[in-house]
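Enquirer: Structure for this input, please:
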Amino acid sequence: MLCPHCGSELASDAAFCIRCGAILAPAVSPPDLPPVKDYLTVNIVLLALTALCCSCTPALVTGILGVVFASQVKSLVQEGKRAQAEEKSRLAKSLAIATGVLMGVTALLLIAYLLFFFCFYGVAFASLLNQMSFSALAALLL
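Expert: The predicted structure is shown next:
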């Protein structure tokens, strides 16, 4: 074992350094902590689905922020900043949930709009066809 202050070689059970006199703390192994989940994959998938399917601007913003926070988790754990990594992980999880909810609400509103549009204009187009003769329809289409 080496003295952390002066670097001299010491016995493994030494309580203090014989060269500089520094008191040595007993080696305590850190407790085994569960790994910090980063939610990066979830945020990337939700961001891609949001961008491809409904392009909901609030969901795009929360998706991008979720990816940014999730990508910071592993580097913070490696730097020994576990509390900050856990906070970023919680933020990434919350943003993934928000992105999913916003994307789902936007998709439902889009489906409702399309159903209303096609029902309303489908009925109007059908009544227009009933009023027209086939020769007028052929002239209209050609």
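
Enquirer: from here on, contacts and neighbour counts on C-alpha atoms
Expert: Noted.

Enquirer: From what I see, residue 62 and residue 97 are in contact.
Expert: No - counting by Cα atoms under 8 Å, residue 62 sits too far from residue 97 to count as a contact (9.2 Å).

Enquirer: Please say which of these two ends up with more neighbours.
Expert: residue 62 (23 against 18; other Cα atoms under 10 Å).

Enquirer: Just the residues contacting the host helix or strand of the more buried one, thanks.
Expert: Element membership for residue 62 (DSSP states H and E) is helix 57-78. Helix 57-78 has contacts (Cα atoms under 8 Å, 6 or more residues apart in numbering) with 36-40, 43-44, 46-47, 50-51, 82, 84-86, 88-89, 91-93, 95-96, 98-100, 102-103.

Enquirer: pLDDT (mean, whole number) over that helix?
Expert: Mean pLDDT, helix 57-78: 92.

Enquirer: same thing with stretch 124-141?
Expert: 67.

Enquirer: I'd like to know how far the most centrally placed residue in the chain sits from residue 113.
Expert: In the chain, the centroid-proximal residue (Cα atoms, centre = their mean) is residue 43; its distance is 2.7 Å. Look at residue 43 and residue 113: by Cα to Cα, to the nearest Å, they are 27 Å apart.

Enquirer: what does residue 83 give?
Expert: Residue 83 is 45 Å from residue 113, by Cα to Cα.

Enquirer: can you check residue 123 too?
Expert: Applying Cα to Cα to residue 123 and residue 113 gives a distance of 15 Å.

Enquirer: what about the residue nearest to residue 16 when sequence neighbours are not counted, how many residues close to it?
Expert: Leaving out its chain neighbours, the residue that sits closest to residue 16 by Cα to Cα, 6 or more residues apart in numbering is residue 23, at 4.2 Å. A count of neighbours around residue 23, defined by other Cα under 10 Å, yields 14.

Enquirer: ok, residue 23 - contacts?
Expert: 15-17.

Enquirer: go with 10 Å
Expert: Contact partners of residue 23, counting by Cα atoms under 10 Å, 6 or more residues apart in numbering, are 3-5, 14-17.
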